[in-house]
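> Any chance you can model this:
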Amino acid sequence: MSPAAGLQAPLLPSSKTEKRPSVSGAVFNVATSIIGAGIMSIPATFKVLGVIPAFVLIVIIACLTDISVDILMRYTHAGETSTYAGVMRESFGRAGSVAVQLCVMITNLGCLIIFLIIIGDVLCGKQPEGSVHLGVLQEWFGFHWWNTRVFALLFVMVFVMLPLALFRRVGSLRFSSAISVLLAVIFVAICSVMAIYAVWEGKSKTPKLLPQLDNHVSFFDLFTAVPVIVTAFTFHFNVHPIGFEFDKPSDMITASSGSAISSLLNDLVRLSYALHLMLVFPMLNFSLRANIDELLFSQKPLLAKDTKRFLSITLVLLVFSYTAAITIPDIWYFFQFLGSTSAVCLAFIFPGVIVLRDVHGISTTRDRIIATVMIVLAVVTSTIAISTNIYSSIRNKS
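Numbers count the residues shown, from 1 in each chain. This next block holds a predicted model:
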């Protein structure tokens, strides 16, 4: 049995009275995996594409994501594995499983660093190109050594991230996921109220319904918005850890188908989002830790039963994420890189090639057509986005 099977292993021996995870808990865990930092990418996408194309893009990617998750679960149930890497191993051997594990590591580790950068910006502010944006802690308490980015993030890592990261079953995170979703709802609600108020006061600009192409924005620049949304909808690395804690695997398919006042509101928006990301962090850390263990220690006992290995991997990941978040200033290159490479592979390319390979003989003509379309769209849009970003970087430097 592979170490990733430890995702199903409880901390204590199982008993007849053990309470199994609920569908509602899985819904919260799936929602938390999706929302994450992706909610921040939606305004940027609307700004680049305009309201109508951005809405259509979100709907298309959401539909393709639902199809790809259904493909993963069907091929998982048809085989003898309980992990994403295991499904790829059945279709493409060792190379397939390693490809998935590397993509999960790149995607999740990148997202964890993004979360910490955003939390640091919210709590401690940032100084881009000479301008100063104060964080909530500086606004409330002034500038002190204890509310600098280094110490604030260290406090968050030790007293929030670490306790949540020590849970050995993903189902144990259902309550923190529920709070995370609630905070995201509060974030959206407050933002909506502020937007409606701005429209009422006549202080808002008319949103662009369609993209505006000029000397600064070309047609190919529009494709750079696609990887950002793909990153937001990529939660495939948590489908198996969540789904295989159920007694009935079919439950997973059900779960995956869902003035002073203005200053105060501004702080509430920022704090609710920062707290939300703190609670999303352990969900991505869970699957990242499991994939690293499966790749590096495939012959070792179950991860959930090896306390020394469990703590070592957990602490190394937290320390690395913290160090990277302190040294890396910007998140948007992360979004575009992840969405153009590892995230698009996990979300669309790997599920598509699994269908085309069809080692279990369960795919239909419709499945193969959809899989081909998914792969072509993913490869074309990602290639254009990567090429456009490289060209823009070279042009800006020159």
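
> from memory Tyr322 sits against Phe155, does it?
No: applying C-beta atoms under 8 Å, one finds Tyr322 not in contact with Phe155, separated by 10.9 Å. Where C-beta positions appear, they are placed from N, C-alpha and C, glycine not excepted.

> neighbour count winner among these two?
A side-by-side neighbour count of Tyr322 and Phe155, using other C-beta atoms under 10 Å, places Tyr322 first with 21 against 13.

> distance between the longest helix along the chain and the chain's centre?
Using DSSP state H to define each element, the chain has its longest helix at helix 84-124. The chain centre lies 9 Å from the centre of helix 84-124; the measure is C-alpha atoms, centre = their mean, to the nearest Å.

> cool, stretch 354-370 as well?
Computed by C-alpha atoms, centre = their mean, the separation of stretch 354-370 from the middle of its chain amounts to 27 Å.

> And for stretch 300-318?
22 Å.

> What of stretch 185-204?
Distance, stretch centre to chain centre, for stretch 185-204: 26 Å (C-alpha atoms, centre = their mean).

> got the buried residues for that stretch?
Ile186, Phe187, Val188, Ile190, Cys191 (16 or more other C-beta atoms under 10 Å).

> quick one: average pLDDT of the helix or strand where the fourth one lies?
Yep, that's Ile190 we're talking about. Using DSSP states H and E, Ile190 falls within helix 174-201. The pLDDT scores in helix 174-201 average 77.

> who are the neighbours of it, in terms of helices and strands?
Judged by 3 or more C-beta pairs under 8 Å, 6 or more residues apart in numbering; DSSP states H and E, the packing partners of helix 174-201 are helix 23-35, helix 260-296.

> which of the ones you listed has the lowest average pLDDT?
Per-stretch mean pLDDT for the helices and strands packed on helix 174-201 is lowest at helix 23-35 (a mean of 67).

> Can you name the next helix or strand after it?
Following helix 23-35 in sequence order, the next helix or strand is helix 41-49 (DSSP H and E).

> Can I get stretch 318-329 in PDB, CA atoms only?
Extracted C-alpha coordinates of stretch 318-329, given in PDB (Å, rounded to 0.1, in the frame of the first residue of the first chain):
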ATOM      1  CA  LEU A 318       6.100  25.500   6.800                       C
ATOM      2  CA  VAL A 319       9.600  26.900   7.200                       C
ATOM      3  CA  PHE A 320      10.200  27.000   3.400                       C
ATOM      4  CA  SER A 321       6.900  28.700   2.800                       C
ATOM      5  CA  TYR A 322       7.600  31.300   5.400                       C
ATOM      6  CA  THR A 323      11.100  32.000   4.100                       C
ATOM      7  CA  ALA A 324       9.800  32.400   0.500                       C
ATOM      8  CA  ALA A 325       6.900  34.700   1.600                       C
ATOM      9  CA  ILE A 326       9.400  37.000   3.300                       C
ATOM     10  CA  THR A 327      11.800  37.200   0.300                       C
ATOM     11  CA  ILE A 328       9.300  37.200  -2.600                       C
ATOM     12  CA  PRO A 329       7.500  40.500  -3.000                       C
END
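
> Around Val226, how many other residues sit close by?
Counted by other C-beta under 10 Å, the residues lying close to Val226 total 25.

> check contacts around it.
Contact analysis of Val226 by C-beta atoms under 8 Å, 6 or more residues apart in numbering lists Leu57, Ile61, Gly339, Thr381, Ser382, Ala385.

> which one of the residues you listed is nearest Met105?
Met105 has its nearest neighbour among the contacts of Val226 in Gly339, at 16.0 Å by C-beta to C-beta.

> Report pLDDT for that closest one.
59.

> One more: Phe223?
With respect to pLDDT, Phe223 scores 68.

> now Ala95
If you check Ala95, the pLDDT there is 90.

> In contact with it, which residues?
With C-beta under 8 Å, 6+ apart, Ala95 has no contacts at all.

> Dump the buried residues of stretch 185-204 to CSV, plus distance to Lys203.
Listed next are the buried residues of stretch 185-204 as CSV, based on distance: C-beta to C-beta, whole Å:
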residue, distance to Lys203
Ile186, 23
Phe187, 21
Val188, 20
Ile190, 17
Cys191, 15
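
> Three-state assignment for Gln299, please.
Here Gln299 is recorded as coil under DSSP: H, G, I helix; E, B strand; the rest coil.

> Next, the contact list for it, please.
Neighbour list for Gln299: empty [criterion: C-beta under 8 Å, 6+ apart].

> next one: phi and psi at it?
Phi and psi for Gln299, reported as degrees, to the nearest 10, are phi -100, psi 0.

> The helix or strand harbouring Met73 vs helix 41-49, what angle?
In the assignment (DSSP H and E), Met73 maps to helix 51-78. Computed by axes from the mean of the first three to the mean of the last three C-alpha atoms, to 10 degrees, the angle separating helix 51-78 from helix 41-49 equals 130 degrees.

> how far off helix 84-124 does helix 51-78 point, in degrees?
Here the directions of helix 51-78 and helix 84-124 differ by 140 degrees (the same axes, to 10 degrees).

> List the buried residues of helix 51-78.
53-54, 57-58, 61, 64-65, 67-69, 71-77.

> same question, stretch 172-180
Within stretch 172-180, the residues scored as buried using 16+ other C-beta under 10 Å are Ser172, Leu173, Arg174, Ser176, Ser177, Ala178, Ile179, Ser180.

> Which single one of those is nearest to Ala290?
Among those, and counting by C-beta to C-beta, the member closest to Ala290 is Leu173, at 13.3 Å.
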